[in-house]
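K.L.:
sequence? don't have it. structure:
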């Protein structure tokens, strides 16, 4: 979501880092570029002004101007100011006493119904809460059916549909059902509209007064940019938001909505929708997002995601084989599937520090998520014997495998080479070899040519 902003800010900070000392005019020039980058990213003008006003006095202070590493000091100051703008820490849901009503509001098309199901699945699967969902949308055709189907897919209970009931009546029935059923959380999916109107606001306000929700969450599409900020302000003025969920954060939005919303409404961003699947909702951590914007990476989120998708039993089997120095094509296929669960190549690379500087080169080298699909198809086109003993794969077999997977023979060759490299590393690890000498580079491993990395790409130990 923050690619363009990351690129602009990265170029500015690279120029600052290259200078031994900074004058006040150097700082002012950098701040002008930062201001321009924020405005281009759709950040609201008052928020940009406030941000620059925070950064400037700190950046021209005596400690920075005379610092040994003034460029790095300025980056830290901007990083701290970004965290202040986004919110100091992740704002957890206030569920309080059961059943805790959560009111989901927003415009039509923002992904409100799907997000309701995502939130329900997260609370039920990760927080171990019993969740009931109810649709109050009596205007959009099949809205209630949609929530029911999503509930079935997520394994979350939904309120039975009764025809000809009004939203407030449905809300009352949902609260009664949640109490009787012993549910911890009740998620109420309200009706959306194409634009802000008085009828919508009055309906939402009436439901709010009836159920007295613990949380009133605005679901906003991050692709709407500056309009999303105006929508958030309108809802906040009428129903007082307690939090915001930004959908389609995995798209090519400029990121300005995320930087503006908290400052404009005072309501924290609590979650980001990062995909279509029902598990594609993640907590919003301001410090981690600020680090991503400044191309510092987000290794903590990567580790957390890996822990969630980690299959302990399969990992132990592979570890046992590694001790014997064994690593076949089935093991490689499992590693590819694990990579896809982590968000694919792009998802993993986005969380590593310094990758923003080489994104274009990585793309040019052919390192994208399509590689994983092609490589998995190649392995699936092999026989059981070929997967367990890749050394038997000769020229004619390579042609057959290539034809079966719809790729060129050269791609089969690259995959076999990648397997050999990884197998060599596994053998060294199995023998207790220290360090990562002999570890294949990222480009070689995934069938692409690894681009030359810029100085300082990898963080120092």
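P.N.:
Structure received. Predicted model, so just to flag it, every value in this text is computed and none were measured. Numbering: from 1, shown residues only.

K.L.:
And the most centrally placed residue in the chain, what's its pLDDT?
P.N.:
Centroid-nearest residue in the chain, with CA atoms, centre = their mean: residue 274, separated by 4.7 Å. pLDDT recorded at residue 274 is 82.

K.L.:
Domains of the protein: list them as residue ranges, please.
P.N.:
The chain breaks down by automatic domain parsing into domains covering 3-86, 100-288, 301-445.

K.L.:
about what we covered before: what about the residue nearest to the centre of the chain, distance to residue 91?
P.N.:
18 Å (CB to CB, to the nearest Å). All C-beta atoms are positioned from the backbone trio N, CA, C, and that covers glycine.

K.L.:
what do you get for residue 72?
P.N.:
30 Å.

K.L.:
Mind checking which of the two has more residues around it?
P.N.:
residue 91 (20 against 14; other CB atoms under 10 Å).

K.L.:
tell me the average confidence for the longest helix along the chain?
P.N.:
In the chain, taking DSSP state H as the definition, the longest helix is helix 409-430. Mean per-residue pLDDT for helix 409-430: 79.

K.L.:
if we can go back for a sec, any idea which of the domains of the chain is most buried?
P.N.:
domain 100-288 (a mean of 20; mean count of other CB atoms under 10 Å).

K.L.:
roughly how far out does that one sit from the chain middle?
P.N.:
How far domain 100-288 lies from its chain's middle: 19 Å, per CA atoms, centre = their mean, to the nearest Å.

K.L.:
distance between the ends of that domain?
P.N.:
Domain 100-288 has its terminal residues 29 Å apart, counting by CA to CA, to the nearest Å.

K.L.:
What of stretch 36-52?
P.N.:
11 Å.

K.L.:
ends of stretch 184-203, how far apart?
P.N.:
Span of stretch 184-203 from end to end, CA to CA: 25 Å.

K.L.:
which stretch of helix or strand covers residue 13?
P.N.:
Using DSSP states H and E, residue 13 sits in helix 3-17.

K.L.:
separation between residue 117 and residue 36?
P.N.:
Taken as CB to CB, the span from residue 117 to residue 36 is 40 Å.

K.L.:
Next: residue 404.
P.N.:
52 Å.

K.L.:
in what helix or strand does the residue lying farthest from the centre of the chain lie?
P.N.:
Taking CA atoms, centre = their mean, the residue of the chain most remote from its mean C-alpha position is residue 396, at 43.2 Å. Per DSSP H and E, residue 396 falls inside helix 395-405.

K.L.:
which other residues reach that helix?
P.N.:
The contact list for helix 395-405 (CB atoms under 8 Å, 6 or more residues apart in numbering) reads 374, 377-378, 380-382, 386, 393, 408-409, 411-413, 416.

K.L.:
still on that earlier bit, wait, what's in contact with the residue nearest to the centre of the chain?
P.N.:
249, 250, 280, 281, 282.

K.L.:
Same check on residue 31?
P.N.:
52, 55, 56, 59.

K.L.:
That one: what secondary structure?
P.N.:
The three-state label given to residue 31 by DSSP: H, G, I helix; E, B strand; the rest coil is helix.

K.L.:
can you tell me how far it sits from residue 45?
P.N.:
Taking CB to CB, one finds residue 31 at 15 Å from residue 45.

K.L.:
Check residue 166 too.
P.N.:
Distance from residue 166 to residue 45, by CB to CB: 41 Å.

K.L.:
Got the phi and psi for residue 185?
P.N.:
Residue 185 adopts backbone torsions of phi -140, psi 140, taken as degrees, to the nearest 10.

K.L.:
my guess is it meets residue 97, correct?
P.N.:
No - the criterion here is CB atoms under 8 Å, and residue 185 misses it with residue 97 at 11.0 Å.

K.L.:
Give the rounded mean pLDDT of the helix or strand containing residue 175.
P.N.:
Element membership for residue 175 (DSSP H and E) is helix 167-181. The pLDDT scores in helix 167-181 average 92.
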